[in-house]
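Visitor: build me a model:
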Amino acid sequence: MSGKILLTGISGWIAKHTAIELLNSGYEVLGTVRNKNLIEQTKETIGKYASIDKLSFVELDLVKDDGWDEAAKGCKYIFHIASPFPMKVSRNRESLLPPAVDGTLRVLKAGVNAGVEQIIKTSSIVAMFRKPNRSNPYTFGENDWTDENWVEGVNDYFLSKTKAEKSAWEFMESKGLRNKLTCICPGGVFGDALDKKGGTSIEYVRQFMAGKFPGAPKFAVLISDVKDIAKAHVACIGNNKIGGRRLIVGKEVKKLVELSQIMAEAMPEYAKKLPKKELPNFMVKLISYIDSSAKMMIPDLGILMQTDTAYAEELLGFKFKPAKDCMIENAKSVVKLGLV
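Guide: Purely as a prediction, here's the structure:
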């Protein structure tokens, strides 16, 4: 394979996996970092899994115009993966919009100006499933959108992902280029941690294994393997079936207590620390006053989501990994890296 790819936020967990997949497939990768101090660690991690002869870096900031047009020049494709995902929930719902929404538009404009063939954006099912008065269980798919006007249920992260993806579609449609954009929409991302600079999902696994939770919140989510997400991005290149689509990547919906059981069976030495029961909803709400990361789950407590991802497997040409394999790999990599 040939062609140069601009990959935003290359120091992030999903982006590093995607860079590895691209480099091993023969592509040239120009990765953006918001701070050049991130380059050496990122290069070191990627270099363990792929040749870095075709890897280069550029320091760019999603909240500044400078340099984006220049970086996109000569690129055949853009993978826009960078987006903030903090552990804590901000009281300011709009706190993440500048990097998420304005940053997305900067990247897309640079891509259109450079005449790139395709833009693959990493979105999330959080842009799809959260709305008031849902049934239980409830089903969502690629035509669904989170209700950004639901102030009580849509926090800063959910709002940023929803507005960023909507802005991307609106911009590409305004240029008559909708089919040049594809959005990859994972659920809860788990799998091989690669290095200690992991994502928010890895932090939840670490806290579970460290015995930080007396019980598991009654929360369920689609489980997405990080390598599947990387593979999905790369499978979009030159694929004329995926233009203008939102592809949900993940195999099964699992409750947190089920994930805990999977890890306990695979790693019995941690079984005592892993939660065995579910917490009452009122306890999770009380915890959220002390630890704002728990607020992320509250609107979905006790509600079971359902979605069918077979269409995405068919369009991308491969089967997604079962939740069990994904969680075991995640737990083992957390231990291997000395995070617990």
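
Visitor: spell out the residue ranges of the strands in the stretch 51-200 of the chain.
Guide: 55-59, 77-80, 118-122, 138-139, 181-186, 188-190 (DSSP state E, counting those that start in this stretch).

Visitor: residue contacts, the closest residue to residue 303 other than its chain neighbours?
Guide: Excluding the flanking residues, the one nearest residue 303 by Cβ to Cβ, 6 or more residues apart in numbering is residue 136, at 4.9 Å. Any C-beta I mention is one placed from the backbone N, CA and C, and that applies to glycine too. In this structure, residue 136 makes contact with 302-304, judged by Cβ atoms under 8 Å, 6 or more residues apart in numbering.

Visitor: tell me which of these fall in strands.
Guide: Taking DSSP state E as the definition of strands, the contacts of residue 136 contribute nothing to them.

Visitor: okay if I get those as a markdown table plus neighbour count and distance to residue 43?
Guide: Formatted as a markdown table, the contacts of residue 136 follow (neighbours: other Cβ atoms under 10 Å; distance: Cβ to Cβ, whole Å):
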| residue | neighbour count | distance to residue 43 |
| --- | --- | --- |
| 302 | 13 | 44 |
| 303 | 15 | 42 |
| 304 | 15 | 42 |
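
Visitor: pLDDT weak spots in the stretch 1-150 of the chain?
Guide: For the stretch 1-150 of the chain, applying pLDDT under 70 flags the ranges 1-2, 84-90.

Visitor: and the helices in it?
Guide: 13-24, 39-47, 68-72, 97, 103-114 (DSSP state H, counting those that start in this stretch).

Visitor: tell me the most buried of those helices?
Guide: Of all the helices of the stretch 1-150 of the chain, helix 13-24 carries the top mean neighbour count, a mean of 25, counting by mean count of other Cβ atoms under 10 Å.

Visitor: show the backbone phi and psi for the nearest residue to residue 308 once chain neighbours are set aside.
Guide: Nearest residue to residue 308 in three dimensions, chain neighbours excluded: residue 141, at 7.0 Å (Cβ to Cβ, 6+ apart). With angles defined as degrees, to the nearest 10, residue 141 sits at phi -150, psi -170.

Visitor: neighbours of residue 141, how many?
Guide: Burial of residue 141 is recorded as 15 neighbouring residues (other Cβ atoms under 10 Å).

Visitor: could you identify the longest helix within this structure?
Guide: Counting by DSSP state H, the longest helix found in the chain is helix 156-174.

Visitor: buried sites along it?
Guide: 156-169, 171-172 (16 or more other Cβ atoms under 10 Å).

Visitor: so what's the residue nearest to residue 308 up against?
Guide: Residues near residue 141 by Cβ under 8 Å, 6+ apart: 128, 248, 307-308.

Visitor: residue 46: which of those is nearest?
Guide: Here the nearest of the contacts of residue 141 to residue 46, counting by Cβ to Cβ, is residue 248; it sits at 26.8 Å.

Visitor: what helix or strand is that closest one on?
Guide: Using DSSP states H and E, residue 248 maps to strand 246-249.

Visitor: report the rounded mean pLDDT for the next helix-or-strand element following that strand.
Guide: As assigned by DSSP H and E, the chain's next helix or strand after strand 246-249 is strand 252-255. Mean pLDDT, strand 252-255: 96.

Visitor: now strand 252-255: how far from the chain's centre is it?
Guide: With Cα atoms, centre = their mean, to the nearest Å as the basis, strand 252-255 stands 17 Å off its chain's centre.
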